[in-house]
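Novice: Dropping the sequence and predicted coords here.
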Amino acid sequence: MTLLNKPLMLIGALIALAGSAAHAEVDTAVAKTIKASLKASNPKANYGDVRESPISGVYEVDVDGGNNTLFVSADGKHFIYGDLYELAGGKMVNVSEQRRTTQRAKIMDSQDLKDMIVFSPKGETKAHIYVFTDVDCGYCRKLHNDVPKLNAMGIEVRYLAFPRAGLNSLSYRKAATAWCSDDPKKTLTALKNNENVPLNVCANNPVAKEYHLGNDVIDVRGTPTIVLEDGTVVPGYLPPATLAKALGI
């Protein structure tokens with residue numbers, strides 16, 4: 001994604017939901033100066049609230065959904081674009097990614113399960129994962145073949161649609177067919193097995209909403225993209241044993 005991504009009302013609502021109260025309140029005049037300067041230079045971008053950063057005299061501002069952060073001077077005349085790292089105990093810690101991870105966990109937890117295609121364990125559910133999936137993606141199919149094994153381990157798989165070719169594609173229509181089906185799990189499995197399934201795109205299906213969530217908020221760059229309960233993003237396929245270990249199972 002670029003800094004100039006078009007603002008979406010969905011982004012603003014989700015970032016407001018995920019906002020943390022851990023930061024000290026910024027002086028109103030400073031916040032106004034910073035926001036005015038940023039908007040004057042790039043009015044198309046969607047800016048979040050101004051926050052105190054760990055560096056004295058430098059402030060944080062999220063851009064276009066929170067996956068990009070600016071570190072801005074109090075007068076709004078200079079900024080640094082990128083992640084902030086902390087040097088502690090001989091290690092480098094990505095403070096920006098830690099905050100994004102917390103945001104992602106809150107955002108994903110706020111999504112309606114009714115809009116997902118969920119494969120649940122028959123016994124105890126020990127953990128769950130969110131998977132942004134494309135029905136035509138080879139590694140998505142490989143992961144789907146692992147779903148019975150993941151369920152047997154106590155891992156619930158919550159699918160969200162992410163047609164990589166976009167919303168005007170055959171992949172979108174296939175995804176919508178699964179989400180519109182009377183038996184979404186069966187239809188999704190048939191599509192991933194490359195079976196011939198009649199296309200059926202119903203009104204008000206959640207595929208476009210989930211695609212925008214992945215593209216504009218979670219920053220999905222390929223499929224499958226797995227989001228763990230704590231908000232950690234796994235960009236790609238992981239074998240069941242590795243995934244279970246990452247979940248602490």
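Specialist: Looks like it arrived, so ask away.

Novice: going forward, measure contacts between C-alpha atoms and count neighbours the same way
Specialist: Will do.

Novice: Now do the residue nearest to R164 when sequence neighbours are not counted against T187, distance only.
Specialist: In space, and not counting its chain neighbours, R164 is closest to D134: 6.5 Å by CA to CA, 6 or more residues apart in numbering. Remark: distance between D134 and T187 (CA to CA, to the nearest Å) = 13 Å.

Novice: These two: which is more packed in?
Specialist: Counted by other CA atoms under 10 Å, D134 and T187 do not tie: D134 has more neighbours, with 26 against 20.

Novice: Hmm, P163 and that one touching each other?
Specialist: Yes. Using CA atoms under 8 Å as the test, D134 is close enough to P163 to be in contact (5.0 Å).

Novice: any shared contact partners between these two?
Specialist: Listed contacts common to D134 and P163 are S171, A175; contacts here mean CA atoms under 8 Å, 6 or more residues apart in numbering.

Novice: how near is N67 to A244?
Specialist: 26 Å.

Novice: neighbour-wise, which of the two wins?
Specialist: Neighbours per residue (other CA under 10 Å) separate N67 from A244, with N67 holding more: 21 against 17.

Novice: quick one on the thing from earlier: which residues touch the residue nearest to R164?
Specialist: Contacts of D134 (CA under 8 Å, 6+ apart): C140, A161, F162, P163, R164, S171, A175, T223, P224.

Novice: Which parts of the chain are strands?
Specialist: Assigned by DSSP state E, the strands in the chain fall at 47-52, 58-63, 68-73, 79-81, 85-88, 91-94, 117-119, 127-133, 155-161, 225-227, 233-235.

Novice: For those, give me a markdown table that also has mean pLDDT, distance to V201 and mean neighbour count.
Specialist: Shown next, in a markdown table, are those (pLDDT from 0 to 100; distance: least, CA to CA, whole Å; neighbours: other CA atoms under 10 Å):
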| stretch | mean pLDDT | distance to V201 | mean neighbour count |
| --- | --- | --- | --- |
| strand 47-52 | 92 | 35 | 20 |
| strand 58-63 | 93 | 33 | 21 |
| strand 68-73 | 93 | 34 | 22 |
| strand 79-81 | 94 | 41 | 15 |
| strand 85-88 | 91 | 45 | 11 |
| strand 91-94 | 93 | 42 | 12 |
| strand 117-119 | 98 | 16 | 18 |
| strand 127-133 | 98 | 17 | 23 |
| strand 155-161 | 98 | 13 | 24 |
| strand 225-227 | 98 | 24 | 24 |
| strand 233-235 | 94 | 28 | 17 |
